Structure formats: structure tokens, C-alpha cells
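>>> can't give you the sequence, but here's the structure:
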């Protein structure tokens, strides 16, 4: 079985070396970049399975690199940040990052989160391979998802969704009227549950409602079933 290839991007060489050594000992193949230009070159040439990306870098920020990665590929991104403000984490998720981890962090936790994302991708790939009878188009009240092309439209207008937002919406739309608990969504879409992921889910749901709803406080699409979870469609 081939090793998963991880691209780690950070302008601090000491941190790069620590992460590289630890992940290699954990069985990963690791390539490193200490600036955004190298990161984009390696992304194209090396085709990593996942990118670990620091936010605070000179010349080109991690946000800009994340935006470029998510616009040009489906490679998952885990953001590293020394900032603790919620707005920085939210921005990373809005740009398409799959997860974030705040410095200082344990290398063990980073490796665990990498495995979570990779397991989720493997599971989704297996489901796609086995799901030829699955509908490629999902529609509800003017909302349309093309599962094959990964495109979304609302009342005929293109809808810009992050990969995680798309997966959450597809899960709900494929099962209209079914209430999914927070834990079910976390395990199905984000990989598995552990501390910190509930806040990520809250952010994704809030962002989705802002994009879908005229009045996010009174949602027409994604409805909260208090004490149970979320659903789309079906009776109120």
C-alpha cells in the first residue's frame, strides 16, 4: 500500500522539520514548502493527498494559498494558525479548508486529524465507486446540486459552496425529511467526532444558511429540529 503524501507549508523551518520528522515516523510521505510560491509548485508537481497550511506567512498569506488550492483542486487542507480569534477560523473554513488546528498543538493531534480527513476521503471515494445507481442530481425548492460535477445552483444562479458545505447539503438533500443528529453529520461529512469539531459544524451550518436563506433566522431550507439535529424538506 502506497504512503499518503502530505505537503506541509510553514515559513518557520524549525516547525517544518518537526512536523516532517514526526509524520514520516507515523508512516506518511512528507514534502515541505516554506513559502506560498513553492507550495503551489509542489501542489501541481507532487499532487499531495493533503496540505497542512500555516496562515501567518510573509508575502502571500495562508488564506490566499488556501483559496488558490481549493479553486484549482479538491486536495483537502488543514489550516495551522497561531491566532485564537474565531473569525480567523471561520474565514479558513469559508475558503474551503477542511479543518483547522491552533498553535501550539501536539504533533499527535495533528497526525490524528490528518488521518480523520484521509479516512473520510477514502470512504467517500468507495461510496462513489459503489454508488452508480445513486442520483447525480438533487433538487429541492429551486436548489439544485450536481453530485458528479460538484456544482450548485439556487434559482438558476451558481451557488459558491466550499467542499464541506457541498457535502453537508448533499447529505441532507439526498434524504429529504430525515433528521440527522450533529454526531451523524460530523461522522459522515467531517470524518468522526472529537473535541472542536462541533464548533466547525456550527460554522459550516451558519455559512450555509447565509448563502441559501433570505432570512437565515427563519430558514426555508436547512431546518433545526431542536434536541435532535438538522433536516431539509419534509414537514416543519
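The structure has been received and is ready for your questions. Computed from a predicted structure; not experimentally measured. Numbering: from 1, shown residues only.
>>> quick one: residue 155 from residue 139, how far?
Separation of residue 155 from residue 139 (CB to CB, to the nearest Å): 12 Å. The C-beta positions use only the backbone N, C-alpha and C, and glycine is treated the same way.
>>> neighbour count winner among the two?
Legend: neighbour count by other CB atoms under 10 Å for residue 155 and residue 139, higher for residue 139 (12 against 9).
>>> got the contact list for that one?
Residue 139 sits next to 145, 173 when contact means CB atoms under 8 Å, 6 or more residues apart in numbering.
>>> helix, strand, or coil at it?
Judged by DSSP: H, G, I helix; E, B strand; the rest coil, the three-state class of residue 139 is strand.
>>> give me the distance between the most centrally placed residue in the chain and residue 219.
In the chain, the residue lying closest to the centroid (CA atoms, centre = their mean) is residue 98, at 2.4 Å. In this view, residue 98 and residue 219 are 24 Å apart by CB to CB.
>>> all strands of the protein, in order?
Along the chain, counting by DSSP state E, strands occupy 5-9, 29-33, 50-54, 77-81, 99-102, 137-140, 143-146, 151-154, 157-158, 222-225, 229-232.
>>> JSON lines please, covering those strands and showing mean pLDDT.
Shown next, in JSON lines, are those (pLDDT from 0 to 100):
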{"stretch": "strand 5-9", "mean pLDDT": "95"}
{"stretch": "strand 29-33", "mean pLDDT": "95"}
{"stretch": "strand 50-54", "mean pLDDT": "93"}
{"stretch": "strand 77-81", "mean pLDDT": "87"}
{"stretch": "strand 99-102", "mean pLDDT": "83"}
{"stretch": "strand 137-140", "mean pLDDT": "89"}
{"stretch": "strand 143-146", "mean pLDDT": "92"}
{"stretch": "strand 151-154", "mean pLDDT": "92"}
{"stretch": "strand 157-158", "mean pLDDT": "91"}
{"stretch": "strand 222-225", "mean pLDDT": "89"}
{"stretch": "strand 229-232", "mean pLDDT": "90"}
